[in-house]
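**Student:** 3D, please:
(chains A and B)
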Amino acid sequence: MFGSHFSAGLILPQPGLSEAQADPSVCLTDEAALVPEHGEDLRVTLLVEENALVAQGQPLMRLRQAPGAAIVAPMAGRVARIDLAPGRRLTQLVLFHDPDGDRYRFDTADALGGEADALRVLLHESGLWRAFRSRPFGRAPGPNESPAAIFVMAADSRPGAVRPDLAVAGREEDLERGLEALGRLADAPIYFCEAHTFRHQGAIPANVTRLQAGTRHPQGLAGFQLHRHFPARIGAPVWDVAAEDVADLGHLLASGYLHSTRLVALTGDALRGAKLVRCQPGADLRGLAQPYLQAGPHDVLSGSVLDGRPAHWLGPRDRLVTVLKRGATPQRRHWFGAALARAAHNAPIIPTAALESSMGGAALPAAALVRALAAGDAEAFMQLGGLSLVEEDLALADYVTGARPRLANQLRSLLDRIAQEEGTA
Amino acid sequence: MRRGLWDREMVALMLLMAMMPMTLAWLWFGGAGAFWRLVFTLFVSGGWHIIFMLARAQQPSFAGALTGIAVAMLAPYDLSLFQLVLGISFGSVMAELVFGGWGRNVLNPATVTLAFLGFGFPAAHWPDFVLPVSWAALPALAMGVIFGVISPRLILGALSVMALAFIAGAPVAAALPAAAIVLALLVSDPVASASTRVGGWLNGALYAGLIVLFATGWHGAAPMQIAVAAALLASLAAPLLDETAIALWAARRRKRHG
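**Tutor:** Numbers count the residues shown, from 1 in each chain, chains lettered A, B, ... in the order given. All right, here's what the predicted structure looks like:
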């Protein structure tokens, strides 16, 4: 495949993960929390109260829009605090870890039998449903949504990301079982994207198409793979899911228990070195990073240096934690410069080779897409394939061009507007 | 959050740096006259940027210096100061600043200035360049391509059409030095040229094609006049070329993905 080897992108500094780190240790933090995704409006019905003892994998709340779908406990422990905003919108549910806690067992007999509906119920019940992300719009799929295609991502080109083969190393059978289950879930093509430098060694079911993603960022993001192989459309949503979550599904089907950890990379210039750990979903980021920190002020981001957000807890789909040194306080500007910056329009983005590479080279007309975003031109945006993208896909372009307002935010507001107009939100 | 390099002012600075071989060669051979002319055009162009900063809160840009350099080098040389001020003011204000500054404009302000001066004062004489200045356009273009601020496709498109015309025996040799300088200073402006890949090829080819056409059919025109007219028409057509390229891209994708 010429396309994957010669496709454009940027070579980003990847702090090497040495051999010693290749076998990551399990590190469950004392606290963990369930939080909504950034910008997600998560209205829930609680199933537990504060101070209740819960088992790992036990459903803690159900979604109001989809009473079948549950959100489950990432670890065994005690419910420490539940913060709800008005309208029963989840802000956070904090758990204290209990090392001697139980594990919740799901009934998987029906789902193993091959019924698509039973599998769907199991996914809802175990909270794995929310591991999928549906495009256009980049949210968890609706309760009755059927995908037009599913992309399983065993590649990630973000700076410092987990080496893609490590997340499923030793779990090849689980992954294969999970992929088979996905094939039963929907009558849709399934693509397995792997980095062409780290091919998956285990077996892959015959109905799964293998794709190779380039190693340059942003080629290893689901958005650009979708854009190239199966663009998302309104009415034909395309899902993407991490390979590790598919292996978790395979594990759940085989054993009835939810896998308890997730492989997470810790990176950033405020750490003594990059580190891989296996921690629970929703882990406490400060607890996770604390053993490896250098002295001095720092910021903890859930996500990569490009698309991460300052956070206390590991985000629902994040597998990367970046700890950055806090820069020196910015120098005081002259009053005239500050006033001008406030009054002026933001400087536009000039189409350069840097912009083009940061948006995947020939994959899409970058300058035209940037213009459509800035103008809020939904029609041109959809024609240029923008519906396959979510915020993380434009994070590199944001970084490279220093765009203000951020392209990712422009993309989100345009996507929200399109969703509202289409009546799917 | 960390921010990368390639904001508007960095692109403008990189373009300025890329133009340096040509500008310095021109100053070297032009002497004090060229120097004061450059100071004057920079002053007028910068003045308009400051006026727009104070009146409209538009951030001034180093792109104003690019306009100054291009006008100082390419404008007819026997114009009075008033005529020059009029030309730069028209080009800077009407082609760039009223649109909201560099990056939001459609045409290169220097191209518009030169076209305005050419149409308005047709008796004025267009400058000729000594050969080293024209040769200096090559390193200028190369630096622009290496920095990523000039589209290599545009240059290759122009060069290939020019080479074809040369092989076919069209009388383009006299227009070549001026065409190379204008290609570097005006046509390759990343804002005013086509931004898509196919569009870049077409834009370069169109510019060179117009040079060939004018060199063959426009008798009595100075090489610089030919080059400026070709640059104006090529950058007027750039949005159309981009639209064409995007339509082709969309058609190809529709065929592939249904």
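**Student:** count of residues packed around residue B:167?
**Tutor:** Neighbour count for residue B:167, taken as other CB atoms under 10 Å in any protein chain shown: 8. C-beta coordinates here come from the backbone N, C-alpha and C atoms, glycine included.
**Student:** buried sites along the helix or strand it falls within?
**Tutor:** Take DSSP states H and E as the rule and residue B:167 turns out to sit in helix B:152-168. For helix B:152-168, a neighbour-count test (16 or more other CB atoms under 10 Å in any protein chain shown) marks B:152, B:153, B:154, B:155, B:157, B:158, B:159, B:161, B:162, B:165 as buried.
**Student:** okay, the first one: pLDDT?
**Tutor:** At residue B:152, the predicted lDDT confidence score is 95.
**Student:** and for the helix holding residue B:167, what's in contact with it?
**Tutor:** Helix B:152-168 is touched from outside by B:141, B:145, B:172-173, B:176, B:179, B:183, B:187-188, B:193-194, B:197, B:200-205, B:207-209, B:211-212, with contacts defined as CB atoms under 8 Å, 6 or more residues apart in numbering or on different chains.
**Student:** now a ChimeraX select for only the buried ones of the residues you listed.
**Tutor:** Burial among those is assessed by 16+ other CB under 10 Å; the matching ChimeraX selection reads:
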select /B:141,145,172,176,179,183,187,188,193,194,197,200,201,202,203,204,205,207,208,209,211,212
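**Student:** and chain A, which of the contacts of helix B:152-168 contact it?
**Tutor:** Restricting the contacts of helix B:152-168 to those near chain A by CB under 8 Å from any CB of the partner chain leaves residue B:197.
**Student:** so which of the contacts of helix B:152-168 are in helices?
**Tutor:** Judged by DSSP state H, helices contain the following of the contacts of helix B:152-168: B:141, B:145, B:176, B:179, B:197, B:200-205, B:207-209, B:211-212.
**Student:** quick one, helices of the chain?
**Tutor:** Since you didn't name a chain, this refers to chain A. All helices of chain A, identified by DSSP H, fall at A:2-6, A:109-112, A:116-126, A:172-185, A:222-229, A:243-255, A:285-289, A:335-343, A:353-358, A:366-375, A:378-383, A:391-401, A:407-422.
**Student:** the intended chain is chain B.
**Tutor:** Here chain B has its helices, by DSSP H, at B:8-56, B:63-74, B:81-89, B:95, B:109-120, B:131-135, B:137-147, B:152-168, B:176-182, B:197-217, B:223-257.
**Student:** ranking these by burial, who's on top?
**Tutor:** For those, average neighbour numbers computed from mean count of other CB atoms under 10 Å in any protein chain shown are highest in helix B:63-74, which has a mean of 26.
**Student:** dump it to CSV, restricted to CA.
**Tutor:** Output of helix B:63-74 as CSV, limited to C-alpha atoms (Å, rounded to 0.1, in the frame of the first residue of the first chain):
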residue,chain,number,x,y,z
ALA,B,63,3.0,41.3,5.0
GLY,B,64,3.0,45.0,4.6
ALA,B,65,6.7,44.9,4.2
LEU,B,66,6.3,42.3,1.4
THR,B,67,4.1,44.7,-0.4
GLY,B,68,6.6,47.5,0.1
ILE,B,69,9.4,45.4,-1.3
ALA,B,70,7.4,44.2,-4.3
VAL,B,71,6.3,47.7,-5.2
ALA,B,72,9.7,49.3,-4.8
MET,B,73,11.3,46.7,-7.0
LEU,B,74,8.6,46.4,-9.7
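**Student:** what's it in contact with?
**Tutor:** Residues outside helix B:63-74 that contact it (CB under 8 Å, 6+ apart): B:8, B:12, B:15-16, B:19, B:22-23, B:26, B:34, B:37-38, B:40-46, B:48-49, B:84, B:87-88, B:91-92, B:96, B:102, B:108-110, B:113-114, B:127, B:181-182, B:185-186, B:189, B:224, B:228.
**Student:** list the buried ones in stretch A:337-345?
**Tutor:** Neighbour-count burial for stretch A:337-345 flags A:340, A:344 (criterion: 16+ other CB under 10 Å).
**Student:** interface residues of chain B facing chain A?
**Tutor:** When proximity is defined as CB under 8 Å from any CB, chain B approaches chain A at B:2-9, B:11-12, B:53, B:57-59, B:61, B:100-101, B:103-104, B:148-149, B:151, B:190-191, B:195-197, B:242, B:245-246, B:249-250, B:253, B:257.
**Student:** pick out the residue closest to the middle of chain B.
**Tutor:** Against the mean C-alpha coordinate of chain B, by CA atoms, centre = their mean, the closest residue is residue B:186 at 0.4 Å.
**Student:** and the nearest residue to that residue once chain neighbours are set aside, what does it touch?
**Tutor:** Using CB to CB, 6 or more residues apart in numbering or on different chains and skipping the chain neighbours, the partner closest in space to residue B:186 is residue B:231 (4.4 Å). If you count contacts by CB under 8 Å, 6+ apart, residue B:231 has them with B:108, B:111, B:182, B:183, B:186, B:187, B:207.
**Student:** how much space between the spatially most distant residue from the centre of chain A and residue B:209?
**Tutor:** Here chain A reaches farthest from its C-alpha mean at residue A:336, the gap being 41.7 Å by CA atoms, centre = their mean. Taking CB to CB, to the nearest Å as the measure, residue A:336 falls 48 Å from residue B:209.
**Student:** and for residue B:215?
**Tutor:** Using CB to CB, residue B:215 is found at 11 Å from residue B:209.
**Student:** tell me the mean pLDDT for stretch A:34-43?
**Tutor:** 91.
**Student:** near chain B at all, it?
**Tutor:** No. Judged by CB under 8 Å from any CB, stretch A:34-43 and chain B are separated, with a smallest distance of 14.2 Å.
**Student:** end-to-end on that stretch?
**Tutor:** Stretch A:34-43 has its terminal residues 13 Å apart, counting by CA to CA, to the nearest Å.
**Student:** and it, which residues are buried?
**Tutor:** A:34, A:35, A:36, A:37, A:42.
**Student:** over to stretch A:143-162?
**Tutor:** By 16+ other CB under 10 Å, the buried positions in stretch A:143-162 come out as A:147-162.
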